[in-house]
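In: sequence first, predicted model second:
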Amino acid sequence: MHLVARLTTLLLLTTTAACRTDADKPAGDDDGLAGTTFVDEDGDGFSADEDCNDSDAGVSPGQVELCDGLDNNCDGRIDEDVTSPFFADTDGDGFGDPATEVQRCAPEPGEVTTFDDCDDGDALVYPGAPEVCDGADQDCDGVDDNGVMNVFYNDNDDDGFGDPTTPVEACELPPGAVENADDCDDADPLVSPDAEEACNERDDDCDTEVDEGVTATFYRDDDTDGYGQVDETTDACAVPAGYAELPGDCDDTNPLVSPVGTEVCNGIDDDCDADTDEDDATDALTWYADTDGDGYGDSAVSSRACSAPTGTVSDNTDCDDTSSSVSPSASEVCNSIDDNCDGVTDEDTATDAPTWYADSDSDGYGDSAVSSRACSAPTGTVSDNTDCDDTDSAVSPAAAEVCNSIDDDCDGDIDDDDTSVDTSTGSTFYADLDGDGFGDVSDTIDACTAPSSYVSDATDCDDTAAAAYPGAPEPCSSTDDLDCDGALADTCTSCQEVLDDGASTGDGVYTIDPDGSGGHSAVSTWCDMSTDGGGWTMVQRTVWDWSESSQLDTTQAQWAGTTYGDPAQGYAYRMAGDLWPDLQLDVEHMLVHTPRDASSGADCSDLFYIGTGGTYSVSSTATTLSSITASIIFANDTRLSTSDSGPSTSCVNTHHAIPWFYTSCCTTCPTFMGSYWSDEPHPMASYISSTLDEFGQTDADVCPSGAAISSLGYEGVNAMSYFVR
């Protein structure tokens, strides 16, 4: 309650109480204070029984204690917690003695508030006072003479120079100390800055150098041969280990190399004279002039050196150093010169000495079994060696062959096919190069008997092919006249006939003539010669790839009479529809699918579906094929033709055909519509993920990712081929 309001209330209460009498007291109102009245004389809101000084309005319970010598808050204490500490300053230096603390409301004369004087009896001693070097603590920091003492150094060897490691602080120079710190060994009076340097491996004059100016120079001698390296030296009083007094070693890793070494031929300057392998080397060789450069030297012209001087060799056996063609290694030739320096000229070992053959019958042809070598022909010899009978001058390579059971012309054949044969007893024969027993009329020879690869028949029409001869079998797949009748064989009507005819060379493109009429019916198509025994004829393949596919039109007329595309594997193709019925052999059908991989979109391996049944009917309406397997059924009235892409909302009953591989009309599946190409979603089939193919596989087995792309229950394909057989 606000003090004024409280005082007003107390005054009212007091007045009321004073005015009331017992007659005014209500009945039963007896609080034990009947007739008692309390007065608040100083008007501070507290009556005399509550107030400790009811004559002073500034004194009452709850008042803030003031430092005034009164009990302001009536708690029985005077000036509690409101006084300040003061300290006696006896020497008047402004700093008090901490031992004289008193609590007062205000300081008395001679008292201060600071209490950090360390000597209150000396006005020159107080915190921060100037320190004097007198053994006392003037600045009260607890240290005597700090910062004002001088530094001296012990001189233990009494040489007048102090030890820098033993500084002494004092106000005056102590005994045994000096002012300098220049001694580098204070235990030896002979060592000081005034001493002279001696060769004793110590710093006598304290200049940080040892034995300077009093040592000798020695040279590093790693190979201990007594000669050191000029570029690696040391100064010392005596020869250190690994050093020598003499310099000049040019290889301090080799004790055999030094200024007193012996020069030898080793590629090293052994005697350190800056010359290597000079001609005075103890093992220098003798070299001989080779003026003609043939590798052989002149024994009359020589010199010594470790290696061959230019134009010299170690050999001295050349008999003519002016001719490079004359030397011990030269070949003797017929030239009236001793080419090989063996002392003999034009001997029979001359490389160009001809071989001469005995000609006993003097027919000018020699006997190869009797020969000799010489630079000129010996008597009774000739240079020819082709006489096959040197006892009969009528027999030689120049003689004419006659049918007499003798090899008259020395060609190795008796009564052979020479043009000079005696035709009165000989015959004409024909070449049979292919070995089929029939000869080539344009390749003849006259001989006494038939030579090898010749026959008397002259009726072969192709002597390079053993399969071609009169009466030879000629299969339908042949592109040559094999029976020599002048006409080519008919073209096979299907891949099955090619296979049955033994003309298959494996899977690939073949030419067939389905209706056997020639003309436009002779077409190229892909034959599968391996799956399920082979013999499959491809009639249509659709590929969904820009680089491999092409437009396949859907009109019935185009389908029936036109072939589209490239039959090579991987390309779009369709054989003219009116040829398809001629291919119904056993009415077997095969669909080959190339699924589209679910991950990469690339080709999976092929799936093969084989079945029987179905018929073809080429008309102006449609072609019907019932099914290929129990699970793969062609849509009724499928036109069996398609373009490569393009979604269609039309089915088979309109002029827009759905692809021939669908099992039913699918308005959401991609189909052909209109004659254009667009790279829209690839066609899909509904069975390649569930129906096992000929090899027990589905798209899960042939696709790298384990599945083909799928949508709306259909699996995507990149290519589909349709075969029959």
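Out: Here it is on my side, so go on.
In: part of a helix, is P581?
Out: Yes. Under DSSP: H, G, I helix; E, B strand; the rest coil, P581 falls within a helix.
In: from here on, count from 3
Out: Sounds good: first residue 3 from here, last item P583.
In: model confidence for it, exactly?
Out: According to the prediction, P583 has pLDDT 76.
In: what is the burial count for D485?
Out: 18 (other Cβ atoms under 10 Å). Where C-beta positions appear, they are placed from N, C-alpha and C, glycine not excepted.
In: my read is that it contacts P472, right?
Out: Yes. Under the criterion of Cβ atoms under 8 Å, D485 makes contact with P472 at 6.8 Å.
In: ok, for N268, nearest residue in space, not its chain neighbours?
Out: Counting by Cβ to Cβ, 6 or more residues apart in numbering, N268 lies nearest to D279, which is 7.2 Å off, once chain neighbours are set aside.
In: verify the stated contact: the one you found with L287.
Out: No. Using Cβ under 8 Å, D279 is not in contact with L287, being 10.6 Å away.
In: these two - which one has more neighbours?
Out: When D279 is set against L287 and neighbours are counted by other Cβ under 10 Å, the residue ahead is D279, at 19 against 15.
In: and what about that one, helix, strand or coil?
Out: Assignment for D279 (three-state DSSP): coil.
In: same question for D703.
Out: helix.
In: give me the number of residues near it?
Out: Residues near D703, counting by other Cβ under 10 Å: 14.
In: which residue ranges of the stretch 253-402 of the chain form strands?
Out: Under the criterion DSSP state E, counting those that start in this stretch, the stretch 253-402 of the chain contains strands at 287-291, 300-307, 314-315, 357-360, 369-375, 383-384.
In: now for the last one, which elements pack on it?
Out: Translated: strand 383-384. Packing contacts for strand 383-384, counted by 3 or more Cβ pairs under 8 Å, 6 or more residues apart in numbering; DSSP states H and E, involve strand 357-360.
In: middle-most residue in the protein, spatially?
Out: Nearest to the mean C-alpha position of the chain, by Cα atoms, centre = their mean, lies S602 at 26.1 Å.
In: roughly how far apart are that one and I711?
Out: Using Cβ to Cβ, to the nearest Å, we find S602 at a distance of 10 Å from I711.
In: again with C486
Out: Computed as Cβ to Cβ, the C486 to I711 distance reads 58 Å.
In: of these two, which one has the most company?
Out: Shown here are C486 and I711; by other Cβ under 10 Å, I711 has more neighbours (22 against 17).
In: I figured that one hits A600, correct?
Out: Yes. Using Cβ under 8 Å, I711 makes contact with A600 at a distance of 5.0 Å.
In: re earlier: closest to A702 out of the strands of the stretch 253-402 of the chain?
Out: strand 369-375 (80.6 Å; Cβ to Cβ).
In: what mean pLDDT does that closest one have?
Out: 90.
In: quick one: contacts of it?
Out: If you take Cβ atoms under 8 Å, 6 or more residues apart in numbering as the criterion, strand 369-375 is touched by 350-351, 355-362, 380, 383, 387-389, 392.
In: per-residue pLDDT, the closest residue to C107 other than its chain neighbours?
Out: Leaving aside its sequence neighbours, C107 sits nearest to C69 (Cβ to Cβ, 6+ apart; 3.7 Å). C69 carries a pLDDT value of 88.
In: which residues touch C69?
Out: Counted by Cβ under 8 Å, 6+ apart, C69 has contacts D81, V84, T85, C107.
In: in PyMOL, how would I select the buried members of the contacts of strand 369-375?
Out: This is how PyMOL selects the buried members of the contacts of strand 369-375, with burial counted by 16 or more other Cβ atoms under 10 Å:
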select buried, resi 355+358+359+360+361+383+387+389+392
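In: pick the one among the contacts of strand 369-375 closest to G98.
Out: T351 (139.9 Å).
In: what's around the closest residue in space to the closest one that isn't next to it in sequence, how many residues?
Out: Nearest residue to T351 in three dimensions, chain neighbours excluded: E334, at 5.7 Å (Cβ to Cβ, 6+ apart). For E334, the neighbour count with other Cβ under 10 Å is 22.
In: who's in contact with E334?
Out: With contact set as Cβ under 8 Å, 6+ apart, E334 has these partners: D340, D341, N342, D344, V346, D348, E349, T351, A352, T353.
In: can you rerun that using 7 Å?
Out: Neighbour list for E334: D341, N342, E349, T351, A352, T353 [criterion: Cβ atoms under 7 Å, 6 or more residues apart in numbering].
In: where does it fall, phi/psi-wise?
Out: Here is the backbone geometry of E334 (degrees, to the nearest 10): phi -70, psi 130.
In: pLDDT wise, what is it at?
Out: At E334, pLDDT is 87.
In: quick check, D417 in contact with D409.
Out: No. D417 lies out of contact with D409 (Cβ atoms under 7 Å); the separation is 8.4 Å.
In: these two - which one has more neighbours?
Out: D417 (20 against 17).
In: ok, that one to C450 distance?
Out: Distance from D417 to C450, by Cβ to Cβ: 3 Å.
In: go on, S444?
Out: 22 Å.
In: same thing with D207?
Out: Taking Cβ to Cβ, one finds D207 at 131 Å from C450.
In: neighbour count winner among the two?
Out: More crowded of D207 and C450, by other Cβ under 10 Å: C450, with 22 against 16.
In: list the contacts for F89?
Out: Contacts for F89 were tallied using Cβ under 7 Å, 6+ apart; they are G98, D99, P100, T102, E103, E113, V114, T116, F117.
In: in the sheet, who's paired with the closest residue to the fourth one other than its chain neighbours?
Out: In this case it means T102. Leaving aside its sequence neighbours, T102 sits nearest to A90 (Cβ to Cβ, 6+ apart; 3.8 Å). A90 has these beta-bridge partners by DSSP bridges: E113.
In: tally of neighbours for A90?
Out: 19.
In: low-scoring stretches of the stretch 403-552 of the chain, by residue?
Out: Applying pLDDT under 70 to the stretch 403-552 of the chain flags residues 418-428, 475-477, 479-484, 489-490, 520-523, 546-552.
In: ok, 50 please
Out: Scanning the stretch 403-552 of the chain for pLDDT under 50 picks out the ranges 548.
In: list the contacts for the residue nearest to G508 when sequence neighbours are not counted?
Out: The shortest distance from G508 to any non-neighbouring residue, by Cβ to Cβ, 6+ apart, is to M531 (5.6 Å). Contacts for M531 (Cβ under 7 Å, 6+ apart) come out as C497, L501, S506, G508, D509, G537.
In: correct me if wrong: the last one contacts I612.
Out: Read that as G537. No. Using Cβ under 7 Å, G537 makes no contact with I612, being 11.9 Å away.
In: who has more neighbours, the two?
Out: Shown here are G537 and I612; by other Cβ under 10 Å, G537 has more neighbours (24 against 18).
In: coming back round to it: for R727, find the nearest of the strands of the stretch 253-402 of the chain.
Out: The closest of the strands of the stretch 253-402 of the chain to R727 is strand 369-375. By Cβ to Cβ, the value is 69.6 Å.
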